[in-house]
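Trainee: Give me a 3D structure for the following:
(4 chains)
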Number of protein chains: 2
Amino acid sequence: MLKKRNVMTIGTLAKTAGVGVETVRYYQRRGLMSEPEKPYGGIRHYDEQALARLHFIRASQWLGFSLDEIGELLTLQDGAHCDEARELGEQKLTSVRRKISHLQQIERALNELVQKCSAGHGDVYCPLMASLNDGVEDATTDKHKVC
Amino acid sequence: MLKKRNVMTIGTLAKTAGVGVETVRYYQRRGLMSEPEKPYGGIRHYDEQALARLHFIRASQWLGFSLDEIGELLTLQDGAHCDEARELGEQKLTSVRRKISHLQQIERALNELVQKCSAGHGDVYCPLMASLNDGVEDATTDKHKVC
DNA sequence: ATTGCTTCCGTAGTGAGGTACGGGTCTAAG
DNA sequence: CTTAGACCCGTACCTCACTACGGAAGCAAT
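Mentor: Purely as a prediction, here's the structure:
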């Protein structure tokens, strides 16, 4: 499968990195990966640097960076911009924490509603539906503007 | 602004509920709200039921339900389907909890990376970048498939 | 009556991150 | 030599929840 010196076609590269061929081409269009020169009339080949780039992208994505942000990270890759990189990381960390606390709010509300529904009740009304009709946040926490 | 008996135009309805006119029309197209009959040659009017429906939709959305799921919830609104409603709520609760734990994993990883970058280091390399190159999850937790 | 804001209605575009298609070319296996 | 399977490339399409556009018609105030 892998040729000597790990020279790969786009298909092999994609499979090795666990993404689709179309995804690699999409990253190229987005400017996140370069397209290797096409040798006379033929098929481009990719090396381990391309694979490393794909790993970088997927790792960054896993951390919640958008493709635009990843593009920015890639310009800092020489290691001489650690401060900028850390700054981006801190911003992302903040946004991740915000998302977590938002979801935790939702979790508390939803949990309470489901509990109420599970507890026996008169059968003529549904506490979950009642809360949805009245506005959920009133039923579970103090008043916040919806969204 | 509100006419007697709270009869509203679509604009007033939308503003009262805190959404855009286009959003109301979009919900109508999606079948989440009905379009009132149009009186001879003119302008539809909306009552408090329409407003309640909008509140229901926004409250459900806040809990993480998609518009399709909200459509399903609306069919259970008579209160006689509490079990089905609770089931949907439990599914959503499960998915919310999955999202939270995923984000917490990310938070731990990102936090560790940012910490490493903040601590003084040789200045010739950036721990954050190094981790992105190597695959983040190795650096912070046991090995998982990226995404 | 004229201005100016709404409403009505269908259709089309947005953003994020891809995925699919189709027609052509290349390469490796038999 | 033929054929199956990659590759190349541009373009279109997908989901989700809206948001915008454009022209016609209504309604409220001046």
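
Trainee: I'd like the distance between the residue nearest the centre of chain A and B:Glu84.
Mentor: Closest to where the C-alpha atoms of chain A average out (CA atoms, centre = their mean) is A:Gly64, at 4.1 Å. Distance of A:Gly64 to B:Glu84, computed by CB to CB, to the nearest Å: 34 Å. C-beta: built from backbone N, CA, C; applies to glycine.

Trainee: Also A:Asp47?
Mentor: 55 Å.

Trainee: so where is chain A shaky, pLDDT-wise?
Mentor: A:1-5, A:121-123, A:137-147 (pLDDT under 70).

Trainee: ok, for A:Val24, nearest residue in space, not its chain neighbours?
Mentor: Spatial nearest neighbour of A:Val24, excluding adjacent residues (CB to CB, 6 or more residues apart in numbering or on different chains): A:Ala14 at 5.1 Å.

Trainee: Return the residues of chain A in contact with DNA strand C.
Mentor: A:19-20, A:22-23, A:25-26, A:41-43, A:61, A:66-68 (CB under 7 Å from any atom of the strand).

Trainee: Include neighbour count when you put those into TSV, please.
Mentor: Formatted as TSV, those follow (neighbours: other CB atoms under 10 Å in any protein chain shown):
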residue	neighbour count
A:Val19	18
A:Gly20	12
A:Glu22	10
A:Thr23	15
A:Arg25	14
A:Tyr26	14
A:Gly41	5
A:Gly42	7
A:Ile43	10
A:Gln61	16
A:Ser66	11
A:Leu67	14
A:Asp68	10
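
Trainee: Now find how far off-centre the strand or helix carrying A:Asn133 is within its chain.
Mentor: Taking DSSP states H and E as the criterion, A:Asn133 maps to helix A:127-134. Offset of helix A:127-134 from its chain centre (CA atoms, centre = their mean, to the nearest Å): 33 Å.

Trainee: cool, and stretch A:23-39?
Mentor: 20 Å.

Trainee: Could I get the full set of helices for chain A?
Mentor: Using DSSP state H, the helices of chain A run over A:10-17, A:21-29, A:48-62, A:67-75, A:82-118, A:127-134, A:136-140.

Trainee: right, and these - which one's nearest B:Asp134?
Mentor: helix A:48-62 (7.8 Å; CB to CB).

Trainee: Who are the packing partners of the closest one?
Mentor: helix A:10-17, helix A:21-29, helix A:67-75, helix B:127-134, helix B:136-140 (3 or more CB pairs under 8 Å, 6 or more residues apart in numbering or on different chains; DSSP states H and E).

Trainee: Mean neighbour count, the ones you listed: which tops it?
Mentor: Burial of the helices and strands packed on helix A:48-62 is given as mean neighbour count (mean count of other CB atoms under 10 Å in any protein chain shown); helix B:127-134 ranks first at a mean of 21.

Trainee: what angle do that one and helix B:82-118 make?
Mentor: For helix B:127-134 against helix B:82-118, the angle by axes from the mean of the first three to the mean of the last three CA atoms, to 10 degrees is 120 degrees.

Trainee: near chain A, anything from helix B:127-134?
Mentor: Yes - Helix B:127-134 reaches chain A (CB under 8 Å from any CB of the partner chain) through B:127-129, B:131-134.

Trainee: Now do that helix: which elements does it pack against?
Mentor: helix A:48-62, helix A:82-118, helix B:82-118, helix B:136-140.

Trainee: so what are the domain limits for chain A?
Mentor: A:1-75, A:97-147 (automatic domain parsing).

Trainee: Of the ones you listed, which is nearest B:Ile10?
Mentor: domain A:97-147 (19.7 Å).

Trainee: now check the closest one, is it near DNA strand D?
Mentor: No - against DNA strand D, domain A:97-147 shows no contacts by CB under 7 Å from any atom of the strand, the least distance being 7.9 Å.

Trainee: sorry, back to before: need the residues of chain A next to DNA strand C in TSV with distance to DNA strand D, can you?
Mentor: Output for the residues of chain A next to DNA strand C, formatted as TSV (distance: CB to the nearest atom of the strand, whole Å):
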residue	distance to DNA strand D
A:Val19	12
A:Gly20	10
A:Glu22	7
A:Thr23	11
A:Arg25	6
A:Tyr26	8
A:Gly41	10
A:Gly42	7
A:Ile43	4
A:Gln61	16
A:Ser66	15
A:Leu67	14
A:Asp68	17
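
Trainee: Could you work out the most separated pair of these?
Mentor: A:Gly41 and A:Ser66 (37.0 Å).

Trainee: Now for the residue lying closest to A:Cys117 once chain neighbours are set aside: which residues touch it?
Mentor: In space, and not counting its chain neighbours, A:Cys117 is closest to B:Arg86: 3.9 Å by CB to CB, 6+ apart. Taking CB atoms under 8 Å, 6 or more residues apart in numbering or on different chains, we find B:Arg86 in contact with A:114, A:117-118, A:126, A:128.
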